[in-house]
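Chemist: I'd like to go over a predicted model; first the sequence, then the structure.
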Amino acid sequence: MAIFGAPNYVLCIFLVFFCVVRSDKKCNKALNDYETYLGTKTPYRIVANYTTNEIKYDDCKATKLWAMVRHGTRNPNAKLIDRMNTRLVEIRDGILENFPEGNGEIQNFDLDLFRGWSPKLEAKDEKKLTHEGEDEMVFLAERLQSRFPGIFTSVYSDSAFKFKFTATQRTKKSAQAFAAGLFGRNVVKDINFPEPLKKDPVLRFYKLCNKWRKEVSKNPKALNERIKFENGATMTKTIDGVNKRLGFDNELDFSDVHAMYMTCAFETAWNKRKRSPWCSVFSTDDFKVMEYAEDLKYYWIDGYGHELTYKQACPALTNMIEFFQTNESFPKSTVYFTHSGTLLKMLAHLELYKEKNHLLADDFDKNSDRNWKVSQIDSFGTNLIFILFDCKGQKKVLTMHQEDIVHLQSCPNSDLCDFDTFINYYNKNLECPFDTMCENEL
C-alpha cells in the first residue's frame with residue numbers, strides 16, 4: 001500500500017501552510033515519516049537541535065570551541081545524475097503508461113508529480129552545494145552563536161577565528177555560508193581561509209592511510225554484508241513490492257530501486273516543502289530496508305567494521321586536544337569543514353553509537369533499535385563539536401553531536417568532562433602512530 005493517501009496529502013498541505021504562517025523553526029522537522037530514513041542524504045533540518053539558549057554551567061566559562069562539520073546538502077555524483085537523466089526518465093514514462101489514471105497503489109496526486117518531474121542536473125553539477133546546504137550552514141552558525149556568544153562574536157577577527165575546508169566546492173561554500181551566518185555576507189570576502197590541501201592530514205586523514213585504502217576502501221570484500229543484504233530475501237521482497245506497486249513485471253532491479261531511493265532522498269533534502277514523486281514508490285517498510293542497506297555500507301567502510309577505520313582518526317582528535325592544551329587565548333574557535341567519511345570515523349573513534357555486535361545482513365529484523373543509523377548520525381551538515389570550559393581554573397570539555405550534548409565513555413554520567421580525565425581515557429589513541437598503523441612509507 002502506498003504511504004500517501006488523500007487524507008495524508010491534505011494533512012501535509014495543512015502542515016506546510018501552518019509552518020509558513022508561523023515561520024517556526026521546529027516546523028523544519030520531518031513532515032513525512034519517510035524523511036527519517038534517507039541515510040547520509042538526510043537533510044540536516046530533520047536532525048538539528050533548534051534550541052538557541054546560551055549553554056552555561058555554574059562557575060564555568062566557555063573559552064574555546066573546536067568543531068568538525070560535514071558540508072551541507074549537495075547535488076548527487078555524476079553517476080546518479082546520469083541515471084536520473086536516463087533510466088529514471090524511462091521508469092517515469094513506464095509508470096505513467098502503466099497507470100494513466102492511477103490505481104489503488106499510486107495516487108493521482110503522485111502521478112501528477114511524475115508528469116511534472118524531469119531531471120535538471122548535468123554531470124558538471126555533481127556534488128555542488130545547494131541553496132539548502134547554504135541555509136543549513138547559516139542557521140547552524142546562528143544557533144551556535146546564540147549558545148556560545150563569548151566565543152562566536154558577531155565581529156570578525158582574523159586572530160579569533162580559524163576556518164578550514166577541504167579542496168572541494170561543497171566544503172568551501174559551506175565554510176563561507178557558516179561565516180555568513182556569524183558575521184553577515186558582506187564580511188565573507190574579508191575572511192582568511194587557508195589554501196586547502198588535496199589530502200589534508202586532519203580533515204581527510206584516511207586519504208593518507210595506505211593500508212586502509214587497500215584493505216577497506218578499495219577492497220570489494222569489505223562490502224560483503226551490504227552485498228549479501230542486496231541479494232537477500234528481505235531486499236528481494238522490497239524490490240518485488242516496488243515492481244508490483246508501479247505495474248512492472250519484475251523489470252526493476254536493485255540498481256533501479258536504489259536510484260529511486262537516492263533521488264527521493266536528494267530531492268527531499270533540496271526542497272523543504274515539495275515532495276519528490278520518487279518517495280511515493282516506497283512503503284515505510286521499504287524505506288527501513290533501504291536505510292539498513294545504507295547503514296551496512298557505512299558501518300563496514302567508515303565505522304566499526306574494521307578497527308583500522310576508526311583508529312586512524314587519531315590525528316583529528318589530537319588536533320583538538322592540542323588546541324585546548326595551549327594557553328593562548330586566540331584563536332577562540334577552530335571549525336573544519338569536511339566530509340561524511342571523516343565524521344563517521346571520528347564518531348567511531350570516540351566510541352559513540354557502538355553496537356554490541358557487528359551489523360550483519362541477516363540481522364535486519366533484530367536491529368530495528370540499532371545505534372548506528374546514518375540517517376540520524378550522518379545527515380548532511382553533521383557536526384561534532386567540543387567546547388572547552390574554564391571552571392575556576394579547571395579545564396572541562398563539553399561534547400556535542402548534531403548540536404545535542406552527548407556523554408563520552410570518559411565521563412559517561414556528566415555533561416562536562418574533566419580535561420585530564422578525557423585525555424587519560426584516550427591516551428592510547430593520542431600516541432597516534434599513524435604512518436605505522438597505515439603502513440605508509442616513511
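Modeler: That came through fine.

Chemist: which residue is nearest the middle of this structure?
Modeler: Ser379 (2.2 Å; CA atoms, centre = their mean).

Chemist: is it correct that it is in contact with Pro43?
Modeler: Yes - the pair Ser379 / Pro43 is scored as a contact, 6.6 Å apart, by CB atoms under 8 Å. Glycine gets a C-beta too; all of them are placed from N, C-alpha and C.

Chemist: what pairs with Phe389 across the strands?
Modeler: Ala62, Lys396 (DSSP bridges).

Chemist: burial check on it, number of neighbours?
Modeler: Phe389: 22 surrounding residues under other CB atoms under 10 Å.

Chemist: what's the answer for the one 5 residues further on, then?
Modeler: Each residue near Gln394 was counted by other CB under 10 Å, and the total is 13.

Chemist: show me the contacts for it.
Modeler: Under the criterion of CB atoms under 8 Å, 6 or more residues apart in numbering, the contact list for Gln394 reads Asp418, Phe419.

Chemist: quick check: the nearest residue to Gln402 once chain neighbours are set aside vs Asn98, distance?
Modeler: Distances taken as CB to CB, 6 or more residues apart in numbering place Val47 nearest to Gln402, at 5.1 Å, with adjacent residues excluded. Going from Val47 to Asn98 by CB to CB, to the nearest Å gives 36 Å.

Chemist: which one's more surrounded, the two?
Modeler: Val47 (22 against 13).

Chemist: that one is in contact with Gln376, isn't it?
Modeler: Yes - counting by CB under 8 Å, Gln376 is a contact partner of Val47 at 5.8 Å.

Chemist: need the residues touching each of the two.
Modeler: With CB under 8 Å, 6+ apart as the test, Val47 and Gln376 both reach Gln402.

Chemist: wait, Asp82 sits on Ala123?
Modeler: Yes - using CB under 8 Å, Asp82 is in contact with Ala123, at 6.9 Å.

Chemist: the more surrounded of those two?
Modeler: Between Asp82 and Ala123, counted using other CB under 10 Å, Asp82 has the larger neighbour count: 18 against 11.

Chemist: for that one, what are phi and psi?
Modeler: As for Asp82, its main-chain torsions (degrees, to the nearest 10) stand at phi -60, psi -40.

Chemist: ok, now which ones touch it?
Modeler: Ala123.

Chemist: next one: it from Arg92, what distance?
Modeler: For Asp82, the distance to Arg92 - CB to CB - is 15 Å.

Chemist: cool, Pro277 as well?
Modeler: 8 Å.

Chemist: how about the helices in the stretch 301-442 of the chain?
Modeler: Ranges of helices in the stretch 301-442 of the chain, per DSSP state H, counting those that start in this stretch, are 307-311, 314-325, 340-349, 374-377, 419-425, 427-430, 434-437.

Chemist: I'd like to know which elements the fifth one is packed against.
Modeler: In this case it means helix 419-425. strand 394-401 (3 or more CB pairs under 8 Å, 6 or more residues apart in numbering; DSSP states H and E).

Chemist: quick one: distance of the strand it packs on to the chain centre.
Modeler: Here strand 394-401 is found 22 Å from its chain centre; the criterion is CA atoms, centre = their mean, to the nearest Å.

Chemist: buried set for that strand?
Modeler: Residues of strand 394-401 classed as buried by neighbour count (16 or more other CB atoms under 10 Å): Lys395, Lys396, Val397, Leu398, Thr399, Met400, His401.

Chemist: cool, stretch 129-143 as well?
Modeler: Buried, per 16+ other CB under 10 Å, within stretch 129-143: 129-130, 132-143.

Chemist: need those residues in JSON lines (columns: secondary structure and pLDDT).
Modeler: Shown next, in JSON lines, are those (DSSP: H, G, I helix; E, B strand; the rest coil; pLDDT from 0 to 100):
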{"residue": "Leu129", "secondary structure": "strand", "pLDDT": "98"}
{"residue": "Thr130", "secondary structure": "coil", "pLDDT": "98"}
{"residue": "Glu132", "secondary structure": "helix", "pLDDT": "97"}
{"residue": "Gly133", "secondary structure": "helix", "pLDDT": "98"}
{"residue": "Glu134", "secondary structure": "helix", "pLDDT": "98"}
{"residue": "Asp135", "secondary structure": "helix", "pLDDT": "98"}
{"residue": "Glu136", "secondary structure": "helix", "pLDDT": "98"}
{"residue": "Met137", "secondary structure": "helix", "pLDDT": "98"}
{"residue": "Val138", "secondary structure": "helix", "pLDDT": "98"}
{"residue": "Phe139", "secondary structure": "helix", "pLDDT": "98"}
{"residue": "Leu140", "secondary structure": "helix", "pLDDT": "98"}
{"residue": "Ala141", "secondary structure": "helix", "pLDDT": "98"}
{"residue": "Glu142", "secondary structure": "helix", "pLDDT": "98"}
{"residue": "Arg143", "secondary structure": "helix", "pLDDT": "98"}
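
Chemist: closest one to Arg370 out of those residues, please.
Modeler: Of all the buried residues of stretch 129-143, Glu136 has the smallest distance to Arg370: 25.4 Å, by CB to CB.

Chemist: residues touching that closest one, list them.
Modeler: Applying CB under 8 Å, 6+ apart, the residues near Glu136 are Pro43, Tyr44, Arg45, Ala48, Gly72, Thr73, Ala177, Phe380, Gly381.

Chemist: nearest to Trp212 among those residues?
Modeler: Phe380 (24.2 Å).

Chemist: tell me how many other residues crowd that closest one.
Modeler: Considering only other CB under 10 Å, Phe380 is surrounded by 29 other residues.

Chemist: that one and Leu38, how far apart?
Modeler: With CB to CB as the criterion, Phe380 and Leu38 are 10 Å apart.

Chemist: hmm, Cys391 and Val397 touching each other?
Modeler: No - at 10.6 Å, Val397 and Cys391 do not qualify as touching, with contact defined as CB under 8 Å.

Chemist: hey, what's in contact with both of these two?
Modeler: Contacts common to Val397 and Cys391, judged by CB under 8 Å, 6+ apart, are Leu416.

Chemist: in three-state terms, label Phe193 for me.
Modeler: coil (DSSP: H, G, I helix; E, B strand; the rest coil).

Chemist: picking up where we left off before, with adjacent residues omitted, what lies nearest to the residue nearest to the centre of the chain?
Modeler: Thr42 (3.9 Å).

Chemist: does the one you found touch Cys264 like I think?
Modeler: No - Thr42 is beyond contact range of Cys264, at 11.2 Å (criterion: CB under 8 Å).

Chemist: give me phi/psi at the residue nearest to the centre of the chain?
Modeler: Here Ser379 shows phi and psi, under degrees, to the nearest 10, equal to phi -70, psi 170.
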